[in-house]
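Enquirer: Here is a sequence together with a model predicted from it:
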Amino acid sequence: MSRSVRLVPAMAAAALLLALTACDDEGAPDTSGARAGDVSGAPGVGDPYFPKAGNGGYDVSHYGLTLAYTPDGNRLTGTAVVTARATEDLAAFDLDLAGMKVEVVTVGGDTAGFRRDGSELIVRPPGALSAGETFEVRVRYSGSPRTITDPDGSKEGWLRTADGALALGEPTGSMAWFPGNHHPSDKASYDVAVTVPKGLTAVSNGELRSARTADDGRTTFTWHTAEPMASYVATLAIGRYTVTRSATGGGLPVYVAVDPSQVTASREVLARLPEVMEWAEDNFGPYPFSSTGAIVDRPEDVEYALETQNRPVYPGAPDTATLVHETAHQWFGDSVTPKSWQDMWLNEGLATYAEWLWAEDEGGATAEETFTELYDHGEEEYEDLWAFPPAKPTSAAHVSDTPVYQRGAMVIHRIRQAVGDDTFYDIVQGWAAAHRHGGADTDDFTAFVEKQAPDEDFDEIWADWLYGEGKPARP
């Protein structure tokens, strides 16, 4: 739940657990024909904070989504074609899907049995799948997509807006609008075709391949994302956007969609996106994707910014610091994705530290000054600053709290203090390159840092700053 703008109070985790376990109000009868002794993929990957998220037994390589949405009545119809490889012998497997009525499921073109168990769509192919086998599952579904309440009280999934809808997925909201393996450890390419009523625009990740208008005025927008993407940073924005297309100085396509009410307020900051991109490449290495941009909606429609791949979502006109933060996430979070939600600090600590570096390079406070001010007086702004270590949030309700962001950035600065600037930037750029388009966890990161600076002793940083309880001793 990497939220760069925190506008909602923390709440109990029960709300999301309900969404993950409640009976489907548009479910289907059990047609799976389960047999004793069959091997099924696990109904979750065992994430320490969201154990039912994702599924075992297969790895997805591609999602093909063909959707149609009508805001009047909040009606979504869809066909999802999921291409995957079995990682074990499978007589059945699960897909994550919250709500929606499932009409037909096929595997390899043949009708498959299926049943619903809360947010689990349990599929039984007509024949068992063998480990290593690539297969295609097609799900036809329809209904009114749900808004999901996270453990911290914030909203995700399918958010209805003044003129359409906005789909946000962190940590588990993507299951509200398409079936899949919804955990950051499984990344895939995407093709998304969305048909919307006359006058509306549909914006997703990647590059716009076509926009075709039918005789009835409905337009189908087709988007392609070639680089691997975790489903939590997949997005779909439908509304009456003002769209601008341009390119950075290096020729990278820029696609920006802004709610008309936010155009004037957003213009100055969004004009700096090419500059921020160039700065980020200087600091973090080559940009990992084939386009960039932004989606700016009304503040009353969405309460936080999110690093959706290629074009982050903003709740109204962003300030420059937020633009920098979400841009940095394209390297840290989108390209290098956490293996579990316990590793959130790798996203947020590095993106927050990017804000510190930007301020330093712009002639503001140095990162050292920001670190010292936070250490000496941080409790005055963030009451929970020392509540838990960044690598050990206390529960799912706290994976987006202050320690993950601010203490995470302090860990990054402690590394810089220890190794000096030259080695520090080698570490940051090397980390982004070593795990480009992949996944990594905290152990991977600490091992990488130690390998890059073998003469340094990081034991105190890891023990006191990364994993230690309470406020560490002054460095």
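Expert: Nice, thanks for sending it over. Just so you know, these numbers come straight off a predicted model, no measurement behind them. Residues are numbered from 1 along each chain as shown.
Enquirer: In terms of helices and strands, where is the nearest residue to residue 319 once chain neighbours are set aside?
Expert: Nearest non-adjacent residue to residue 319, counting by CB to CB, 6 or more residues apart in numbering: residue 269, 6.5 Å away. Yep, even glycine has a C-beta here, placed from its N, CA and C like the rest. According to DSSP states H and E, residue 269 maps onto helix 263-270.
Enquirer: hey, where'd the strands end up in the stretch 1-150 of the chain?
Expert: Secondary structure of the stretch 1-150 of the chain (DSSP state E, counting those that start in this stretch): strands at 58-70, 75-86, 93-96, 101-107, 110-111, 113-117, 120-124, 134-143, 147-149.
Enquirer: just the angle between the second one and strand 58-70, please?
Expert: Spelled out, it's strand 75-86. Relative orientation of strand 75-86 and strand 58-70, computed by axes from the mean of the first three to the mean of the last three CA atoms, to 10 degrees: 170 degrees.
Enquirer: strand partners of strand 75-86, parallel vs antiparallel please.
Expert: Sheet partners assigned to strand 75-86 using DSSP bridges are listed as strand 58-70 (antiparallel), strand 134-143 (antiparallel).
Enquirer: Compute the inter-axis angle for the last one and strand 101-107.
Expert: Strand 134-143 runs at 170 degrees relative to strand 101-107, counting by the same axes, to 10 degrees.
Enquirer: quick one, which of the strands of the stretch 1-150 of the chain is nearest to residue 397?
Expert: Between residue 397 and those, the shortest gap by CB to CB is with strand 147-149, which sits at 11.2 Å.
Enquirer: Note down every partner strand of whichever helix or strand comes after that closest one and its orientation.
Expert: Next in sequence after strand 147-149, counting helices and strands by DSSP H and E, comes strand 155-160. According to DSSP bridges, strand 155-160 forms sheet pairs with strand 147-149 (antiparallel), strand 165-168 (antiparallel).
Enquirer: Show residues contacting the last one.
Expert: If I follow you right, that is strand 165-168. Applying CB atoms under 8 Å, 6 or more residues apart in numbering, the contact partners of strand 165-168 are 69, 71, 74, 145, 156-159, 173-174, 176-177, 234-239, 295, 297, 301-302, 306, 308, 313.
Enquirer: Which elements pack onto the helix holding residue 269?
Expert: Judged by 3 or more CB pairs under 8 Å, 6 or more residues apart in numbering; DSSP states H and E, helix 263-270 is in contact with strand 253-258, strand 292-297, helix 320-329.
Enquirer: can you redo these as a markdown table with mean pLDDT and distance to residue 339?
Expert: Formatted as a markdown table, the helices and strands packed on helix 263-270 follow (pLDDT from 0 to 100; distance: least, CB to CB, whole Å):
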| stretch | mean pLDDT | distance to residue 339 |
| --- | --- | --- |
| strand 253-258 | 98 | 30 |
| strand 292-297 | 98 | 25 |
| helix 320-329 | 98 | 17 |
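Enquirer: Single out the most deeply packed of the ones you listed.
Expert: strand 292-297 (a mean of 25; mean count of other CB atoms under 10 Å).
Enquirer: ok, which stretches of the stretch 151-300 of the chain are helices?
Expert: 263-270, 273-284 (DSSP state H, counting those that start in this stretch).
Enquirer: count of neighbours near the residue nearest to residue 319?
Expert: Applying other CB atoms under 10 Å, we find 19 residues neighbouring residue 269.
Enquirer: before we move on, what about the one 10 residues further on?
Expert: By the other CB under 10 Å criterion, the neighbourhood of residue 279 contains 19 residues.
Enquirer: what's the answer for residue 246, then?
Expert: 13.
Enquirer: tell me the contacts of the closest residue to it other than its chain neighbours?
Expert: Computed as CB to CB, 6+ apart, the closest residue to residue 246 that is not its neighbour in sequence is residue 254, at 4.7 Å. Neighbouring residues of residue 254 by CB under 8 Å, 6+ apart: 244-248, 273-274, 291-293.
Enquirer: Enumerate the beta-bridge partners assigned to residue 254.
Expert: Where residue 254 sits in a bridge, its partners, by DSSP bridges, are residue 246, residue 292.
Enquirer: Surely residue 277 is in contact with residue 292?
Expert: Yes. Taking CB atoms under 8 Å as the definition, residue 277 is a contact partner of residue 292 at 6.1 Å.
Enquirer: residues of stretch 387-399 that come out buried?
Expert: If you call a residue buried by 16 or more other CB atoms under 10 Å, then stretch 387-399 has these buried ones: 387-393, 396-399.
Enquirer: and stretch 184-196, average pLDDT?
Expert: Across stretch 184-196, pLDDT averages out at 98.
Enquirer: ok, residue 385 - how many residues close by?
Expert: By the criterion of other CB under 10 Å, residue 385 has 20 neighbours.
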